[in-house]
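[1] Only the shape, not the letters, is given here:
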């Protein structure tokens, strides 16, 4: 707990509230909900944000239900009104609109936030304080028991990649995908994709960018034949540099791309690969 507290303070936070008890060594959604209820009753925060992780998505609804307050899931943009109403923006109706949601009548306001939506701030000299919270009075009873801990196999998640090559709808065969893989290999990048390639069974579902996939924020994102539907762009807006190739000059991807080429991706890719190989001295 001490290491985590010190790291949080190094990111410039004003205060870290700490509950310490041996019974908190592993996450238990029932006990942690009781702890959060204790925290809210004592501190009375206006807004609580949770990470849109598997734990956050199970924990946040329980807390919201306990306090009969609203909860907006998978927010991609947040704002605040002068009266402290939290503006919670997320795609709705299959991604066809962006909904701005507020919870004016209840506090605390709650939202889960997509991973990688906010960039990690630079570390600074800590100036915040540590507030030790008492666990006396917190209910530690639970119907859940931890039976086993199984290590998750280590693999590179596209959310952590610095360089990504994302394939869109035009890719329909393994032979076409081979070009994208060749480009990715040359750049030391990972392959990613849009939903149609997942549905076609061409790429692992864990490689999908978007609302129903992963949120990414690489240093370089190259999109190949991606039109840029809101479901996709909501998952990649944190990318530092976006280079897009698409045959539709009016495609939405060009609204978020820093550089773009209009044309047939299968005509452009071989030429691009050849250029990169020449620059690397491979041909």
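    Nice, thanks for sending it over. Everything numeric in this text was worked out from a predicted model, so none of it was measured. Residues are numbered from 1 along each chain as shown.

[2] ok, which stretches of this structure are strands?
    In the chain, the strands defined using DSSP state E lie at 15-19, 47-51, 71-75, 77-80, 86-92, 97-101, 109-113, 129-133, 163-167, 190-193, 220-224, 242-246, 259-262.

[3] so who does residue 8 touch?
    Residue 8 sits next to 16, 128 when contact means C-beta atoms under 8 Å, 6 or more residues apart in numbering. To be clear about C-beta, it is placed using only N, CA and C from the backbone, and glycine gets the same treatment.

[4] coming back round to it: ok, which of the strands of the chain comes nearest residue 253?
    Relative to residue 253, the nearest member of the strands of the chain by C-beta to C-beta is strand 242-246, separated by 4.7 Å.

[5] how many degrees apart are that closest one and strand 220-224 in direction?
    10 degrees (axes from the mean of the first three to the mean of the last three C-alpha atoms, to 10 degrees).

[6] From the contact counts, what lies against strand 242-246?
    The contact analysis (3 or more C-beta pairs under 8 Å, 6 or more residues apart in numbering; DSSP states H and E) places strand 242-246 against strand 220-224, helix 253-256, strand 259-262, helix 265-279.

[7] Return the most buried member of those.
    Highest mean neighbour count of the helices and strands packed on strand 242-246: strand 220-224, a mean of 25 (counted as mean count of other C-beta atoms under 10 Å).

[8] Which neighbouring elements make contact with that strand?
    With contacts taken as 3+ C-beta pairs under 8 Å, 6+ apart, strand 220-224 sits against strand 163-167, helix 174-187, strand 242-246.

[9] Identify the neighbouring strands of that strand in the sheet and state each direction.
    Strands that pair with strand 220-224, judged by DSSP bridges, come out as strand 163-167 (parallel), strand 242-246 (parallel).

[10] Is it possible to get CSV of those that adds mean pLDDT, mean neighbour count and distance to residue 279?
    Converted to CSV, the strands paired with strand 220-224 look like this (pLDDT from 0 to 100; neighbours: other C-beta atoms under 10 Å; distance: least, C-beta to C-beta, whole Å):
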stretch, mean pLDDT, mean neighbour count, distance to residue 279
strand 163-167, 96, 26, 16
strand 242-246, 96, 24, 15
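
[11] Format the ones you listed as a markdown table; extra columns: distance to residue 147.
    Output for the strands paired with strand 220-224, formatted as a markdown table (distance: least, C-beta to C-beta, whole Å):
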| stretch | distance to residue 147 |
| --- | --- |
| strand 163-167 | 37 |
| strand 242-246 | 45 |
